[in-house]
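Participant: With the input below, show me the fold.
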Amino acid sequence: MKRILLTGFVLIAGFTQAQEKSKSHTKLKAEKPFVNPVKLTKEERNRPYMDEVLKSRDPLTPEEAERRRKNIEAGNPFKKYGYYPKVATLSKGKYLEFHDKDSIVSIGSVRFNRKTKEIVEFREIDLSDPDAQPYLDTAGRWFSPDPLSEEYSSWSPYNMVMNNPIKNIDPDGRGVLDNFQLLQNGQVKLIEKTDDKTDTLFASDKKGNVDKSNSVTVEKGIVGQLQYYRDGNTSDSYPAYHQAIKESTESTQNDMSKLFDFSAKNSTVEFSLTDFKINDKKFISLQTYNSDERSPGMNQIGVAEGSEIKLKHNHPSKDTYDSSFTEINSMGFKEQNGRTKISGDYYNVRGNGSGKPINYKYQTYFPKSGNLYNVTPTGIKLAR
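Facilitator: Alright, predicted model coming up:
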């Protein structure tokens, strides 16, 4: 009997432990690394250092990918032995970062034989003449130029962080950081300039200071658009608005959704997130009037009737109704003295203003509670 009980205990304990391990494994979900979508054959993709090239988000052709791979391979001194260790590269092969492949190299006004380790020539060149054409690299004294110098061709290498060390930082030598600040009134302003492939938007405290602990990072080129005004429909009475717009892909849908949620939670104004078509292409845009009462709709941003797909907007925690504020009545469905009063979102969706109900998805988000509602001509329903 004891043996049976002991065996049963061991089986139960083993099963429980296996379940715990299974749970812990399901929680660990690594983010899939980016791989450039350039079309390569299996043999090309498996060449040494091609995996490093494919980390770049630049648009690549097979020829450009191979050129970059060779630039990285040039830094491998063990190639002749068939050994391919990792080669450090700042530009992922975009630029040749190794300039000591010739037997005799020029270092400033000195000619040096890298095989015999001897100086073979001192150039006597007058560099005091400002009109004289420099000979090779006699104008400088660096053995290897900055591999990212072409990215900052308008700036002297002596201009640390674009001559603005108070505003900009460059912690690793690969470019100053390009980040933005979201003010609580919905305005977006540039605070740091970068050369990476992403943009980061930081929240602000009530005094207008950057909150470095609260941010969202998206693909480069989205956040910066929100600094500027647009006016999609100039025939209406609505003011110009701030807008970011991109062609719709799985990646931009994810980025725009993150940006909308972050902006709604960290400002006191309305934002609208719209999906629509222009001819055969789909687009997604985020916009705001910097108002706590309204945000641009499809008509205001110039979307043609019938091209609408979806609109989502937020209602700030500050309401413009009265002390009986609820999420439902803020969307325009309000019972008062035994009568139902319809206004706002519900009024617009029902088409009471135009007489024609809308035929696309219309949602209202409340950042304070996290509730999202579907507003339809037949009623308002909680989506999540």
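Participant: give me the low-pLDDT residue ranges for the stretch 101-250 of the chain?
Facilitator: 101-102, 106, 108, 125-178, 195, 232-236 (pLDDT under 70).
Participant: quick one: the strands in it?
Facilitator: Secondary structure of the stretch 101-250 of the chain (DSSP state E, counting those that start in this stretch): strands located at 104-107, 110-113, 118-122, 179-182, 188-192, 198-204, 210-219, 229-230, 241-247.
Participant: Turn these into CSV, columns for distance to residue 374 and mean neighbour count.
Facilitator: In short, each C-beta sits where N, CA and C put it, glycine included. Shown next, in CSV, are the strands of the stretch 101-250 of the chain (distance: least, C-beta to C-beta, whole Å; neighbours: other C-beta atoms under 10 Å):
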stretch, distance to residue 374, mean neighbour count
strand 104-107, 68, 16
strand 110-113, 73, 16
strand 118-122, 78, 11
strand 179-182, 27, 22
strand 188-192, 29, 16
strand 198-204, 28, 20
strand 210-219, 25, 16
strand 229-230, 28, 12
strand 241-247, 24, 19
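Participant: Out of these, the one nearest residue 380 is which?
Facilitator: For the strands of the stretch 101-250 of the chain, proximity to residue 380 was assessed by C-beta to C-beta; strand 241-247 is nearest, at 25.6 Å.
Participant: ok, back up a step: switch the strands of the stretch 101-250 of the chain over to TSV; also include distance to residue 253.
Facilitator: TSV is the format used below for the strands of the stretch 101-250 of the chain (distance: least, C-beta to C-beta, whole Å):
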stretch	distance to residue 253
strand 104-107	51
strand 110-113	55
strand 118-122	60
strand 179-182	20
strand 188-192	20
strand 198-204	16
strand 210-219	11
strand 229-230	21
strand 241-247	9
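Participant: can you map out the helices along the stretch 1-150 of the chain?
Facilitator: 2-27, 42-45, 50-53, 62-73 (DSSP state H, counting those that start in this stretch).
Participant: on that earlier part again, so for residue 259, which of the strands of the stretch 101-250 of the chain sits nearest?
Facilitator: strand 210-219 (5.7 Å).
Participant: and the closest one, what other elements does it pack with?
Facilitator: Packing partners of strand 210-219 (3 or more C-beta pairs under 8 Å, 6 or more residues apart in numbering; DSSP states H and E): strand 198-204, helix 250-265.
Participant: how about a markdown table for these, with distance to residue 57 added?
Facilitator: Shown next, in a markdown table, are the helices and strands packed on strand 210-219 (distance: least, C-beta to C-beta, whole Å):
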| stretch | distance to residue 57 |
| --- | --- |
| strand 198-204 | 9 |
| helix 250-265 | 10 |
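Participant: Which of these sits closest to residue 186?
Facilitator: The minimum distance between residue 186 and the helices and strands packed on strand 210-219 falls on helix 250-265, with 7.2 Å, by C-beta to C-beta.
Participant: CA-only coordinates of that closest one in PDB, if you can.
Facilitator: Extracted as PDB, the C-alpha positions of helix 250-265 are listed here (Å, rounded to 0.1, in the frame of the first residue of the first chain):
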ATOM      1  CA  GLU A 250       1.300  45.200 -40.900                       C
ATOM      2  CA  SER A 251       4.200  47.100 -39.500                       C
ATOM      3  CA  THR A 252       2.700  50.600 -39.900                       C
ATOM      4  CA  GLN A 253      -0.600  49.400 -38.500                       C
ATOM      5  CA  ASN A 254       1.200  48.200 -35.400                       C
ATOM      6  CA  ASP A 255       3.200  51.400 -35.100                       C
ATOM      7  CA  MET A 256       0.300  53.800 -35.600                       C
ATOM      8  CA  SER A 257      -1.900  51.900 -33.100                       C
ATOM      9  CA  LYS A 258       0.900  52.100 -30.500                       C
ATOM     10  CA  LEU A 259       1.300  55.800 -31.200                       C
ATOM     11  CA  PHE A 260      -2.500  56.400 -30.900                       C
ATOM     12  CA  ASP A 261      -2.700  54.700 -27.600                       C
ATOM     13  CA  PHE A 262       0.400  56.500 -26.200                       C
ATOM     14  CA  SER A 263      -0.900  59.900 -27.400                       C
ATOM     15  CA  ALA A 264      -4.300  59.300 -26.000                       C
ATOM     16  CA  LYS A 265      -3.000  58.300 -22.600                       C
END
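Participant: List the buried residues for it?
Facilitator: Of the residues in helix 250-265, those with enough neighbours to count as buried (16 or more other C-beta atoms under 10 Å) are 252, 255, 256, 259, 260, 261, 262, 263, 264, 265.
Participant: quick one: contacts for the first one?
Facilitator: Neighbour list for residue 252: 219, 222, 246, 284 [criterion: C-beta atoms under 8 Å, 6 or more residues apart in numbering].
Participant: out of the residues you listed, who's nearest residue 237?
Facilitator: residue 284 (26.0 Å).
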